[in-house]
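Engineer: after the sequence you'll find the predicted model.
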Amino acid sequence: MYTDEPDDAEDEDFIKPLLDATGVWFSGGAQGRLNYRYVGEFPARTKFQIALSELLERGGVVGGTSAGMAAMPEIMTLWQEDNEDGRPASAVAVHGLGLMRGAIVEQHFDTVGGRLERFTGLLRDAARLNRLSGRPNAGQTMVGLAVEESTGLIVEGDVLTTLGIGNSHVFLREPNLRALEWYELPSGESAQLQRSPNQGTALMRLEMPKELRNPSEDGR
């Protein structure tokens, strides 16, 4: 479904393959091209974006590598600005495909310099996340998901599972918004995110891999 024409994201013939698809994969490259080609003028969504959301709703899968992963959320990192005065790199953020509203993501987390600084800097910038999402307090409850090289993170509702040779990383804001909790999720392990009923912030509950469970524990 290659195109370099943004108008194609509104063309019914172009998006027709998505209507029956069970899976969509976005390859790597420059995530700005995905924003330019497929993403509408926020808060409006293109027919392409709507078709992707409907694919998920009927049980399909949407994924991507590198730039393809970066474009999954509602808010994505376009690139980073390096500061010559020694301050940490900062993220230039725009709107993504909108398949996740409550999280921002980061790829190549263990190999490319500046990713930790720009990622956590954006996650802590509640005012900017509120402005980009158009929702008050959205930034205060946003979750950060980062993935290492040769590693995949599967998101199924509120359940996260790591596959591959590396780790995933989950960053949660503490209720006072003055600190981030950093969790490492190794390959083969799962965790469930839960919302605190009072503060709206996320909590994390680790789950034992299925192959290590006692059979009597299934269904609990």
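Structural biologist: Perfect, thanks for sending it. Residues are numbered from 1 along each chain as shown.

Engineer: isn't residue 47 up against residue 16?
Structural biologist: No: if you go by Cβ atoms under 8 Å, residue 47 and residue 16 don't touch, sitting 10.2 Å apart. C-beta: built from backbone N, CA, C; applies to glycine.

Engineer: the two: who's more crowded?
Structural biologist: Just comparing residue 47 and residue 16: by other Cβ atoms under 10 Å the higher neighbour count belongs to residue 47, 17 against 12.

Engineer: ok, the more buried one - contacts?
Structural biologist: 9, 10, 11, 12, 15 (Cβ atoms under 8 Å, 6 or more residues apart in numbering).

Engineer: ok, residue 55 next?
Structural biologist: 18, 21, 22, 23, 24, 62.

Engineer: can we see that at 7 Å?
Structural biologist: Residue 55 makes contacts with 18, 21, 24, 62, as judged by Cβ atoms under 7 Å, 6 or more residues apart in numbering.

Engineer: adding distance to residue 180 and neighbour count, write those out as TSV.
Structural biologist: As requested, these are exported to TSV (distance: Cβ to Cβ, whole Å; neighbours: other Cβ atoms under 10 Å):
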residue	distance to residue 180	neighbour count
18	36	18
21	36	17
24	31	19
62	27	19
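
Engineer: spatially nearest residue to the most centrally placed residue in the chain (excluding sequence neighbours)?
Structural biologist: The C-alpha lying nearest the average C-alpha coordinate of the chain belongs to residue 105 (Cα atoms, centre = their mean; 3.9 Å). Residue nearest to residue 105 in three dimensions, not counting chain neighbours: residue 145, with 4.8 Å by Cβ to Cβ, 6 or more residues apart in numbering.

Engineer: what of residue 149?
Structural biologist: Residue 149 sits nearest to residue 111 (Cβ to Cβ, 6+ apart), 5.3 Å away.

Engineer: how about the one you found, secondary structure?
Structural biologist: Of the three states, residue 111 takes coil under DSSP: H, G, I helix; E, B strand; the rest coil.

Engineer: distance check, it against residue 132.
Structural biologist: 27 Å (Cβ to Cβ, to the nearest Å).

Engineer: pLDDT value on residue 185, please?
Structural biologist: Residue 185 is assigned a pLDDT of 93 by the prediction.
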